[in-house]
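[1] What follows is a protein structure lacking sequence information:
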């Protein structure tokens, strides 16, 4: 891939529960990210991937759903995980997608769009930073946190209200994600990451 090619960002919708807010947050984030000419956005909805919850053994065949998602994650230069916070942590579906893969995450930046009660999902984000570090991914400093997101619906049903202030966090987060994605793509092109 050319160093001048667009950076591919996989936006992973981590919630699979009924009535989930994840697609709303992901659509809002990707609308902003899509305005950046250097980015190519791939939305990965974990509801649609239907990954098996039970991991296979090393001598078992890789399930077709896992094989189907692998090229999309491999092609990504960066990741954005859109996650709710459940009981001070992230949902099982997020851990499932993380654990089915290894090399796909290595030497790539990841950031988070988290949402929840007053914490805005920051407990989930803190735990995900530890998990991704184990996979040799680089969790960037800035994230987007959406506390009490349900209070930010506008009267016409759109989200978020213009007065929410949530839009401000996206610019810096994307700036950092793009910098890291470019730097790490160049580094991977020069020399494969030693896993």
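    Nice, thanks for sending it over. The structure presented is a predicted model; accordingly, all values stated were derived computationally and were not measured.
[2] separation between residue 19 and residue 158?
    Distance, residue 19 to residue 158, using CB to CB, to the nearest Å: 18 Å. Where you see a C-beta, it was placed from the backbone N, CA and C, and this is true even at glycine.
[3] between those two, which one's more packed in?
    The neighbour comparison of residue 19 against residue 158 (other CB atoms under 10 Å) goes to residue 158, with 12 against 5.
[4] Can you pull the phi and psi angles for that one?
    Dihedral pair for residue 158: phi -80, psi 160, per degrees, to the nearest 10.
[5] ditto for residue 119
    Geometry field for residue 119 lists phi and psi as phi -70, psi -20, criterion degrees, to the nearest 10.
[6] Which pLDDT value belongs to it?
    As summarised for this prediction, residue 119 has a pLDDT of 92.
[7] quick one: contacts for it?
    85, 88, 145, 147 (CB atoms under 8 Å, 6 or more residues apart in numbering).
[8] residues contacting the residue nearest to residue 137 when sequence neighbours are not counted?
    In this structure, residue 137 finds its nearest non-sequential neighbour in residue 105, 4.4 Å apart by CB to CB, 6 or more residues apart in numbering. With contacts taken as CB under 8 Å, 6+ apart, residue 105 has the following neighbours: 73, 79, 98, 132, 135-137.
[9] Give me the buried entries from the residues you listed.
    In the contacts of residue 105, burial by neighbour count holds for 73, 79, 98, 132, 135, 137, counting by 16 or more other CB atoms under 10 Å.
[10] For those, which two are the farthest from each other?
    When the buried ones among the contacts of residue 105 are compared pair by pair using CB to CB, the two farthest from each other are 73 and 132, 12.8 Å apart.
[11] Packing partners of the helix ranked longest in the chain?
    Secondary structure assigned by DSSP state H gives helix 167-190 as the longest helix of the chain. For helix 167-190, the helices and strands in contact under the criterion 3 or more CB pairs under 8 Å, 6 or more residues apart in numbering; DSSP states H and E are strand 7-13, helix 22-33, strand 78-84, strand 109-116, strand 144-147.
[12] got JSON lines for these, with distance to residue 127 and mean pLDDT too?
    As requested, these are arranged in JSON lines below (distance: least, CB to CB, whole Å; pLDDT from 0 to 100):
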{"stretch": "strand 7-13", "distance to residue 127": "15", "mean pLDDT": "98"}
{"stretch": "helix 22-33", "distance to residue 127": "17", "mean pLDDT": "96"}
{"stretch": "strand 78-84", "distance to residue 127": "10", "mean pLDDT": "98"}
{"stretch": "strand 109-116", "distance to residue 127": "10", "mean pLDDT": "97"}
{"stretch": "strand 144-147", "distance to residue 127": "14", "mean pLDDT": "95"}
